[in-house]
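K.L.:
Okay, here's the prediction I keep looking at, along with the sequence it came from:
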Amino acid sequence: MQESIRVSQAPDLRYLLRLGDLCLIHAQRLGEWCGHAPILEEDIALSNIALDLLGQARGVLTRAGELAGGLDEDQLAFLREERDYLNPTLVELPRGDFAWAMVRNLMVAVLLELLWQQLQDSSDEQLAAIAGKAVKEARYHARHAADWVQRLGDGTEESQRRAQRAVDQLWPYCNELFEPDAIDQAAALSGLGPRWAELREAWQQRMASELRAATLRPGADSAFRSSGRQGVHSEHMGHLLAEMQYLQRAYPGGSW
């Protein structure tokens, strides 16, 4: 069984891992819809969105690996311990029903669109180049998710109930996205990227607009704070990693 790798605690590296892990773990959850979406076209669409996110994760993790001393994206994706993954808890929660998936996808896509827009001006030229391509994908992902949320929220009584339940249950996990800390502060000072907290107002305004169009309401304010960006995850993360990492750990360095 392949041993885990150790990862530096350097702020710039951890900033990149937060972004790469957000894309990686969200892609893993979206990929679980392959073969399970309600219509064939959506089955393909969600798989393609997941592939876009994997491409974004590869770009960011490749750059992070260079800063980590020569690791590659596969090592960072598959050979870290759970505590070394820095994705928000929001994206590691179970797949849920289709309304849950669409609401979460909207929340994440809007965040990524805002992040990639800012990262186009990153002091890291490689990250800026990744952002230039990724922002176009994120715009499509956000529009796709918003269209579905509107159809569900403004659809039948049942679809509206499920969509609102998804908003209410997922909303508290969004607090974590905008919690300021030293990692974000260091990235802002170096020009690597924005503080995620700076995106809160724009994200809330965009979400309020999209939910209003879907006859849905934002979730209630909550003191709850998840802590995945600090490496402290929910009970769901270990199960997700066990499935995601199995092949790489059982057959280290395997090639097809």
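P.N.:
Okay, I see it. Numbers count the residues shown, from 1 in each chain.

K.L.:
residues of the helix or strand harbouring R249 that come out buried?
P.N.:
Element membership of R249 [criterion: DSSP states H and E] is helix 235-250. Residues 237, 240-241, 244-245, 248-249 are the ones in helix 235-250 that count as buried (16 or more other C-beta atoms under 10 Å). For every residue, glycine as well, the C-beta is placed using N, CA and C.

K.L.:
Would you mind listing the outside residues contacting that helix?
P.N.:
1-2, 25, 28-29, 74, 78-79, 82, 85, 89, 92-94, 228, 254 (C-beta atoms under 8 Å, 6 or more residues apart in numbering).

K.L.:
Mind giving me the ChimeraX select for the residues you listed, buried ones only?
P.N.:
Here is the ChimeraX command that selects the buried residues among the contacts of helix 235-250 (16+ other C-beta under 10 Å):
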select :25,28,29,78,79,82,85,89,92,93,228
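
K.L.:
coming back round to it: ok, which pair from the buried residues of helix 235-250 is furthest apart?
P.N.:
The most widely separated members of these, counting by C-beta to C-beta, are M237 and Q248 (16.8 Å).

K.L.:
Any idea how far apart the tips of stretch 84-96 sit?
P.N.:
25 Å (C-alpha to C-alpha, to the nearest Å).

K.L.:
tell me how far that stretch is from the chain's mean position?
P.N.:
Here stretch 84-96 is found 8 Å from its chain centre; the criterion is C-alpha atoms, centre = their mean, to the nearest Å.

K.L.:
what about it, average pLDDT?
P.N.:
Stretch 84-96 shows an average pLDDT of 97 in the prediction.

K.L.:
Show me the helices in the stretch 1-150 of the chain, by range?
P.N.:
Under the criterion DSSP state H, counting those that start in this stretch, the stretch 1-150 of the chain carries helices at the ranges 11-31, 40-67, 73-78, 98-119, 125-153.

K.L.:
Not counting its own residues, what contacts the third one?
P.N.:
Going back to what we said before, that points to helix 73-78. Applying C-beta under 8 Å, 6+ apart, the set of residues contacting helix 73-78 is 5, 7, 17, 20, 24, 57-58, 61-62, 64-65, 68, 244-245, 248-249.

K.L.:
Quick check: of these, which lies closest to L114?
P.N.:
Using C-beta to C-beta, G20 is the member of those that sits closest to L114, with 16.9 Å.

K.L.:
I'd like to know how far the residue lying closest to that closest one once chain neighbours are set aside sits from S234.
P.N.:
Leaving aside its sequence neighbours, G20 sits nearest to V60 (C-beta to C-beta, 6 or more residues apart in numbering; 3.7 Å). V60 sits 23 Å away from S234, going by C-beta to C-beta, to the nearest Å.
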